[in-house]
Every structure is written in structure tokens, then in C-alpha cells.
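>>> What shape does this take:
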Amino acid sequence: MALTNRIFPYLLSGIACLMIPFVHAAELHVKGMPEFKDYPADINKGPFTTRLDLSSEQEKYSSYWKKITNSELKKPVNFAGHYRIYTDDKSTGNECLDHQGGVCGWVIDKLSGTVVVQLPAVAGTNVYQQVADNGTPVGEDFRIDTRKSSYLMILTGQAIPQKIEHDENGIPITNPCQTTYYILKNNQFSKVVEDKQGCSVD
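Residues are numbered from 1 along each chain as shown. This next block holds a predicted model:
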């Protein structure tokens, strides 16, 4: 992907999209911030279901989403003991608020086959930029980090506003890029702390 025009990839057409990679904890840990060991989870070894159990709302999602979610269900636990979390930047239906090229993500309970929650919402939206504005031409790649032995998730990114508005210079008004620490509790994300310098290049 070219380094130019990366700030708002969901506005572009014909863009090549890739699955957003997970990164190693050492790249994200900041002194004084929560660590994975602070929120331990027992690792469940199954047996796990191989069949999705979708809600009535999820049944309305695109066939593409159902296909990739079914595929992810069969992959190993990577979060909070018995969950599989994954992200995708190709979904364009209701499952991703129709933001073409935006990054969305879901958490699957591998014991029940239910899709329990999406990525945490910021200002009403849980769709994120592929590459966030960090004040440099390169930008900041969206990333999340999890461990199968921990309830903690570390998310670095910039949420896409539900409605794109512009300032007097015609520049889109965006949410800030930051690193946020969440824990999964009762199948919902709960924010622990924000690191507003998480996208800083200093």
C-alpha cells in the first residue's frame, strides 16, 4: 500500500486490503500500564464447537462475514481462555457499518460458537482506520494484542467517525489515535486505561 492517501483508506476505491496483524506485547507495553499477567485467564482446551450460533441480527450480516467468521471459529484460542478474536478490513455490510476498508473485529466464544462482542466503540463507532494519523506521512498501523492466558486486550488505532465532517479548510475531523487497554468481562469490553501518547512518534 502506498504511503500517500493512507489516512482515510475507506474513502478510496480499488484499494488492496490485508488482514490486520497481531503484534508482540513487547512492542506495545508502556511502563506503568497494565500487563497481561495482571488479568490472568485459565486456558480452556475444549472440546470446542465447530458450529456458529448467530443472533437474529448477525444472521442479517453478509455472506462474506459469515464465511470468515466460521473459518475463524475453527482456529485456536488466542484470547481470554476460550475465545478467538479476529479483525478484518474487507467487510462492507451492516457488520462493519458499511465502512469499506475500515477495520472491524469480533470475539467468538469457542465453547458456544457465539459471536459475543465487536471491537470496543469510541464515540459510537467501533470501526477503525487501517492506518491512523499520527502526524507523520507514514501513519500508525491499526493493531491489537491479546494472549490466550489473559483477559487484557491492547488496542492502538483511530476510530472512524460515524459521520464524516470537515473543518473550514476541508480537512476531515477525526477521532484521536491512541492506545487503549481493555479487559473482557461478562462478554463485554471494559476500558481500563487510555494512553493518549500511544500513537506518538516521540
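>>> For the longest helix seen in the chain, what does the pLDDT average out to?
When the chain is scanned for its longest helix (criterion: DSSP state H), the result is helix 63-73. Summarised as a single mean, pLDDT over helix 63-73 is 97.
>>> same check, this time on stretch 111-129
Per-residue pLDDT over stretch 111-129 has a mean of 94.
>>> Could I get the full set of helices for the protein?
Using DSSP H, the helices assigned to the chain run over residues 25-28, 63-73.
>>> Please name whichever of those helices is nearest to Pro137.
For Pro137, the closest of the helices of the chain is helix 25-28, at 20.9 Å, according to Cβ to Cβ. Bear in mind the C-beta positions are built from the backbone N, C-alpha and C, glycine included.
>>> circling back to that earlier point, pick the most deeply packed of the helices of the chain.
Stretch with highest mean neighbour count among the helices of the chain: helix 63-73 (a mean of 16; mean count of other Cβ atoms under 10 Å).
>>> Packing partners of that one?
Packing partners of helix 63-73 (3 or more Cβ pairs under 8 Å, 6 or more residues apart in numbering; DSSP states H and E): strand 83-88, strand 104-109.
>>> between the last one and strand 83-88, how many degrees?
What it means is strand 104-109. Angle, strand 104-109 to strand 83-88, by axes from the mean of the first three to the mean of the last three Cα atoms, to 10 degrees: 160 degrees.
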